[in-house]
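1. sequence first, then the predicted structure:
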Amino acid sequence: MSTPLTENEPILEVENLVKHFPVRVGVAIKRTVGHVRAVDGVSFTLNKGETLGVVGESGCGKSTLAQVLMRLEPPTSGAVRFHGEDIFTKRGKDLKALRRQIQIVLQDPYTSLNPRMTVGDIIGEPFEIHPEVAPKGARRRKVQDLLDVVGLNPDFINRYPHQFSGGQRQRIGIARALALRPEVIICDEPVSALDVSIQAQVMNLLGDLQRDFGLSYIFIAHDLSVVRHLSDRVAVMYLGKVVEIGTEDEIYTRPSHPYTQALLSAVPVPDPAVRLGRKRIRLTGDVPSPVNPPSGCRFRTRCWKATDLCADEEPALEVRSGGHPSACHHAEEQYLLPT
Amino acid sequence: MTDPQAVATANAATPLVDAGAPGAPTTLDKPRSLASDAWHDLRRRPLFIVSAVLITALLVIAAFPQLFTSVDPSVGDLSKARDAPSPDAIFGYDALGRDVFARAIYGARVSIVVGVLATALTILIGGSLGLVAGFYGGRADSVLSRFADIFFGLPFVLGAIVILSTFRDVVGGDPVGITSIVIVSMAALGWPVTMRIMRSAAIAARNQDYVRAARGLGASPMRLIVRHMLPNCAAPVLVYATIALGAYIGAEATLSYLGIGLRDPVVSWGVMISEAQTSLRVAPTLLVFPGAFLVVTVLAFVMLGDAVRDAFDPKGR
Amino acid sequence: MGLSTNEPLLEVDDLYVEFHTRDGVATVLNGVSYSVGAGETLAVLGESGSGKSVTANTVMGILPMPPGRITKGAIRYRGEELLTAADERRRELRGENIAMIFQDALSALNPVYTIGFQIGEQLRTRRGMSKKDAEKRAVELLDQVGIPGAKQRVRSHPHEFSGGMRQRAMIAMSLALDPDVLIADEPTTALDVTVQAQIMDLLKDIQVERNMGLILITHDLGVVAEVADRIAVMYAGRIVENADVHALYANPCHPYTRALLESIPRLDSKGTQLRAIKGLPPNLTNIPSGCPFHPRCPMAVDRCRAVDPPLEALPGGRSSACLFAEELVRP
């Protein structure tokens, strides 16, 4: 889904991003007894016009990552550079200007729209907050254009969210994110809450919009098939860290990190003929607590390749087997999917 | 750009049905807000109709007492003291020879005004503090919540007695002063409940995705509170307010009965009940008539509150 | 019991269920029939509003009866009519012969009692076991479903387990009375994909071991392909297609099944556009005339608006509710 636009220059650079949530106990006076290390040193770049998919299971930190990138949560440490400038140093007018450039589409179509506002007000709110983008007279027209762009009837402008279906509400959320013509849209599980037959509609819409508006996406989801479809590059997260990152082809056909391999092996493929021919890797045990992750490599407690080295030394995310970065001392690319 | 088929079917089709709730609200051509949905629902409920009729009648009595009686409620003719009901005075005369019916009619105005103003003040104070506490959380929330807890801990009647007896002499015999101090003391003791309700609603609203999306757009705290949180937090507070109104009217009656609330020259049902005490055995109607008015009024507001709560209940839709 | 290997354990026969809502009567089930035999996995596939869960709830007898109403049809367990049976008999069968597991273990399990207590409760009340024996059996069951340290964990409460472990505990509970039929309603939808794989493996192992009939209710075409023997596809309260799993994926004979298979993104391939199904799922208080899928069907003709196609048998032991079913079958 990459646009044949300008050079693939990095538009967003994430550098060692850390977000810890303190765990507090106590009744009247609270003590901090530990930290949930939700995002624990994440680095990657997003290039102009591309879609970077972020996959991982619950607790890996991908949703927290979205919140921090949107500056909805302050980071504990690290930097995020948008066109070279650190977004966390922006304040006041500059911060507001930044908000026009990076927007978000949220997961739940039933809670992401204010039930007491009309659809026109919801999509028009970005213009009210940023009046310099559209003069008052032109706003209604712009809102109707946006409704049209996302495939909804512009006459619906006065309706309320509860009069729409889940898929339609998600379109409204996308229109809202698009209103200010951002450069980057963070999609946090945008189709997970939708019926299967509607997911394809919304995914096609996202693809079309990217092409037509030159958008760059960070596409966060737990459904690996969905992520592959829209992404150019994919980052795999586990317990707050990126364990492998590469092009979608590299990650899906020749993953080198054991976790990625286990993840891919676990995804059911809608083809019974594949049942017996597939390599099955089954993980044992539970995901360790993010308050107290294992020393060294975090995945070692469930990994069949773990050695003493894995406990002593945390593997860096660097290029290993397969030509793309992987955080495993014993990284080895494997062809998992039947071709 | 537009998927014409999606648009065409979106026009014709009705919204998705959730697995757990077959039968989604049908889309009419007219847009329906949640408020108008609630209104349509309320109109059909007998509980609402009955209470609404009663309350409207009471409001009319309160606003235009002259329509119901031409007698001055404060004028007394001692020769008629404790006379039984007659065609001239359908509720009879009280111990000071005043027309009981006229007093009951004028009493309605005072009782309702006191109830309404006390409720309004409670919502204003409790609501704003609750919104601020819920929205900002953290230290502001702790401070405000502890502050509310202090007031919460004061028993209502005891607290009211303390405040009212302290200011009794300051206010003297001025009717406005007497009424105001009662309103203020009731609100001062009642606001923590509304604060808590609003705070819970605000905390829930603050975590909603649409508030997050608005923050992501760069909305100011004022916009977030007023545009996004307030409309979605108002419902539980309003439901409580309708019931509280009835409770305040009853509370005022209690305080006036105890002699520390409203008193002469102000006339309210509570005052009337208080005055009727001495003549109870001789002229029980002096108690029964204002008492009946009081009970019916409080009941009407409680019924209204129940109907409104049911109509706003999202599980019902 | 004298049941031959070919007779179904559980049979749903032409079931019609209505729901009375504020906005009208919703026909939630419109003539649903399917069956499952011993050692067989039947997948009931459908999206929200298709009626797949309502059918299961009706079988178990846990559907709230107002606003729900069964207007027609029968449900048979080993030939015995369930809908006309006494409440007591239905309660007897529930858990003992037909068990159900749900999507959300956290709300299906009582948070106040320990897992051991909840599993043991059935054994104590229905089998008259002593407290000690019941706990022993509970430990065995937890072990069988792969919960490590079962002896200690039997004393834990539901919220102390992780999602996957809770699901296993719920499965253990459902197996306590050795049922013949297990209904699994979206058992892995709320779980991570690696955990999902473990749970599906477990269910399959248990089924084989105990020769149970398994009814798997889901919307996930991938999960179905991995475990099912037979699939019943539901849409708007009807079964639109019923076929053996290999036949269904190789050659779907209903436009809805086809469209569904073509619209999902595949793990093993990357295309450009997905072939989305246009339109929205139907409103059950206002189902389209004729074939309920016709507004969204790429093959629809005028006749489809007038005629509601019945489920017709096709060669190869399969059926489809489409006027063009025969054309869709490939030799």
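-> Arrived safely, thanks for sending. Given the structure is predicted, the values throughout are model-derived calculations rather than measurements.

2. list the buried residues in the top helix by length along chain A.
-> Counting residues, the longest helix found in chain A (DSSP state H) is helix A:196-213. The neighbour-count check on helix A:196-213 (16 or more other C-beta atoms under 10 Å in any protein chain shown) flags A:196-210 as buried. Just so you know, the C-beta spots here come from the backbone N, C-alpha and C atoms, and that holds for glycine as well.

3. can you check stretch B:302-316 too?
-> Here stretch B:302-316 shows B:Val302, B:Met303, B:Leu304, B:Gly305, B:Asp306, B:Ala307, B:Val308, B:Arg309, B:Asp310, B:Ala311, B:Phe312 as buried, counting by 16+ other C-beta under 10 Å.

4. where does pLDDT dip in chain C?
-> Low-confidence segments of chain C (pLDDT under 70): C:1-6, C:331.

5. so what's the backbone phi/psi at A:Tyr335?
-> phi -90, psi 110 (degrees, to the nearest 10).

6. find the closest residue to chain B in the stretch 51-200 of chain A.
-> A:Ser165 (3.4 Å; C-beta to the nearest C-beta).

7. how many other residues sit next to that residue?
-> As a burial measure, A:Ser165 scores 24 neighbours (other C-beta atoms under 10 Å in any protein chain shown).

8. B:Phe151 too?
-> Residues lying near B:Phe151 (other C-beta under 10 Å) number 16.

9. contacting residues around it?
-> B:Phe151 makes contact with B:Ala188, B:Leu189, B:Trp191, B:Pro192, according to C-beta atoms under 8 Å, 6 or more residues apart in numbering or on different chains.

10. quick one, phi/psi of the residue most central in space within chain B?
-> Nearest to the geometric centre of chain B sits B:Leu245, at 2.7 Å (C-alpha atoms, centre = their mean). Dihedral pair for B:Leu245: phi -60, psi -50, per degrees, to the nearest 10.

11. thought it was touching B:Thr119?
-> Yes: with contact defined as C-beta atoms under 8 Å, B:Leu245 reaches B:Thr119; the gap is 4.8 Å.

12. any idea what sits nearest B:Val171, other than its immediate chain neighbours?
-> B:Gly177 (3.9 Å; C-beta to C-beta, 6 or more residues apart in numbering or on different chains).

13. now that neighbour: how far from chain C?
-> 51 Å (C-beta to the nearest C-beta, to the nearest Å).

14. and the longest helix of chain A, what does it pack onto?
-> Contacting helix A:196-213 under the criterion 3 or more C-beta pairs under 8 Å, 6 or more residues apart in numbering or on different chains; DSSP states H and E are the following elements: helix A:166-178, strand A:216-221, helix A:224-230, helix C:255-263.

15. reformat the ones you listed as TSV; add distance to B:Val271 and mean neighbour count.
-> Formatted as TSV, the helices and strands packed on helix A:196-213 follow (distance: least, C-beta to C-beta, whole Å; neighbours: other C-beta atoms under 10 Å in any protein chain shown):
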stretch	distance to B:Val271	mean neighbour count
helix A:166-178	56	26
strand A:216-221	67	26
helix A:224-230	71	24
helix C:255-263	74	21
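
16. could you dump the ones you listed to CSV with distance to B:Val50?
-> Shown next, in CSV, are these (distance: least, C-beta to C-beta, whole Å):
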stretch, distance to B:Val50
helix A:166-178, 38
strand A:216-221, 53
helix A:224-230, 54
helix C:255-263, 50
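
17. contact partners for the residue of the stretch 151-300 of chain C found nearest chain A?
-> Minimum separation of the stretch 151-300 of chain C from chain A (C-beta to the nearest C-beta) falls at C:Gly222, amounting to 3.1 Å. Counting by C-beta under 8 Å, 6+ apart, C:Gly222 touches A:Ser225, A:Val267, A:Pro268, A:Val269, A:Pro270, C:Leu267.

18. phi first, then psi, for C:Leu109.
-> phi -100, psi 150.

19. hmm, I typed the wrong one, I wanted B:Ser256.
-> Dihedral angles (degrees, to the nearest 10) for B:Ser256: phi -70, psi -40.

20. surely it touches B:Gln277?
-> No: B:Ser256 lies out of contact with B:Gln277 (C-beta under 8 Å); the separation is 11.6 Å.

21. these two: which has the busier surroundings?
-> When neighbours are counted by other C-beta under 10 Å, B:Ser256 and B:Gln277 differ, and B:Ser256 comes out ahead with 28 against 12.

22. okay, strands next: where are they in chain C?
-> Assigned by DSSP state E, the strands in chain C fall at C:10-21, C:24-36, C:41-45, C:68-77, C:80-81, C:98-101, C:181-185, C:213-218, C:230-235, C:238-244, C:312-314, C:318-320.

23. one step back: give the buried residues for the helix or strand containing the residue nearest to B:Val171.
-> For B:Gly177, the host element (DSSP states H and E) is helix B:175-206. Of all the residues in helix B:175-206, those buried under the rule 16+ other C-beta under 10 Å are B:178-179, B:181-199, B:201-203, B:205-206.

24. before we move on, the earlier item: only alpha carbons, please: show the longest helix of chain A as PDB.
-> Included here for helix A:196-213 are C-alpha records, laid out as PDB according to Å, rounded to 0.1, in the frame of the first residue of the first chain:
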ATOM      1  CA  VAL A 196     -15.800  -9.900   9.400                       C
ATOM      2  CA  SER A 197     -17.900  -8.800   6.400                       C
ATOM      3  CA  ILE A 198     -17.500  -5.200   7.400                       C
ATOM      4  CA  GLN A 199     -13.800  -5.300   8.100                       C
ATOM      5  CA  ALA A 200     -12.900  -5.600   4.500                       C
ATOM      6  CA  GLN A 201     -14.900  -2.500   3.600                       C
ATOM      7  CA  VAL A 202     -13.100  -0.400   6.200                       C
ATOM      8  CA  MET A 203      -9.700  -1.800   5.300                       C
ATOM      9  CA  ASN A 204     -10.200  -0.900   1.700                       C
ATOM     10  CA  LEU A 205     -11.200   2.500   2.800                       C
ATOM     11  CA  LEU A 206      -8.000   3.000   4.800                       C
ATOM     12  CA  GLY A 207      -6.000   1.800   1.800                       C
ATOM     13  CA  ASP A 208      -7.800   4.200  -0.600                       C
ATOM     14  CA  LEU A 209      -7.400   7.100   1.700                       C
ATOM     15  CA  GLN A 210      -3.700   6.500   2.100                       C
ATOM     16  CA  ARG A 211      -3.200   6.500  -1.600                       C
ATOM     17  CA  ASP A 212      -5.400   9.600  -2.200                       C
ATOM     18  CA  PHE A 213      -4.200  11.700   0.700                       C
END
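
25. and stretch A:51-69, which residues are buried?
-> A:51-57, A:59-69.

26. near chain B, list only the ones from those.
-> Contacts with chain B within the buried residues of stretch A:51-69, as defined by C-beta under 8 Å from any C-beta of the partner chain: A:Gln67.
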